[in-house]
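Asker: okay, sequence plus prediction incoming.
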Amino acid sequence: MQTPGADLSGLALAVYARGDVIYEFASGQRVIDAQEPARCLPVMPTTKFRAASISKTVTALAVMQLVEAGQLDLDGDVSDILGWRLRNPHWPQVPITTRMLLTHTSSLRDGETYAFPLPVTLEEVFQPGSPYNENGAHFAAPVDGAARAPGRFFTYCNLGFGVLGTLIECVTGERFDRYVDRHVLAPLGVDASFNVRALSDAGFA
């Protein structure tokens, strides 16, 4: 078991075969209190973890549901849905598409940060002169000609999935976390959410 302050506080593992759990393992602590060790609680197979980038799979499922329903075009210009022009200023004539965002080939970059406080809008993040624009750091610049133009070069980008979440909101008229809860997580019977306030009491505990 890891001690408070260790790099890894705990982990849980489940092995599935043909739809059944055939092995479970849990170790470490889910609640750590260095001042009162008696309040520490162990990690269990049912412990919830912050999923971080694994959540991109869930976002992709929600996007592909809308693609299958004909509400999103994988190769359409996302600017048409956002209601404002999203272009890499180095390649202003090349549309950025849903497919590019899903495959990390959109030419968008995270910059120093990709999480922004309310009431900052996504459009503001990409506007020149905005303090959140980071002097254009959210866009790839030319290297070796057009090698990093939209659709031409893979670089992992969290910010692109923020754009995808916004596309979902624009298409459905529903807040991203609520839409995903209703259309992806609840049908799968998963007590999880992009919003911790939406967890059940048992799930939050």
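Answerer: Ah, there it is. Numbering: from 1, shown residues only.
Asker: avg pLDDT for stretch 77-85?
Answerer: The pLDDT scores in stretch 77-85 average 97.
Asker: so the residue located most distally from the centre of the chain: helix, strand or coil?
Answerer: For the chain, the largest distance from the centre (CA atoms, centre = their mean) belongs to residue 38, which lies 35.5 Å off. State at residue 38, reduced to three classes by DSSP: H, G, I helix; E, B strand; the rest coil: helix.
Asker: swap in residue 26?
Answerer: Following three-state DSSP, the label given to residue 26 is strand.
Asker: just checking, it touches residue 47?
Answerer: Yes. Between residue 26 and residue 47 there is a contact under CB atoms under 8 Å: 6.8 Å. (Glycine included, C-beta is placed from N, CA and C.)
Asker: how close does the residue nearest the centre of the chain get to residue 164?
Answerer: Among the residues of the chain, the one closest to the centroid is residue 56, at 4.4 Å (CA atoms, centre = their mean). Remark: distance between residue 56 and residue 164 (CB to CB, to the nearest Å) = 9 Å.
Asker: quick check: phi and psi on the closest residue to residue 123 other than its chain neighbours?
Answerer: Distances taken as CB to CB, 6 or more residues apart in numbering put residue 84 closest to residue 123, at 4.9 Å, once the chain neighbours are dropped. Note on residue 84: its backbone torsions stand at phi -150, psi 160 [degrees, to the nearest 10].
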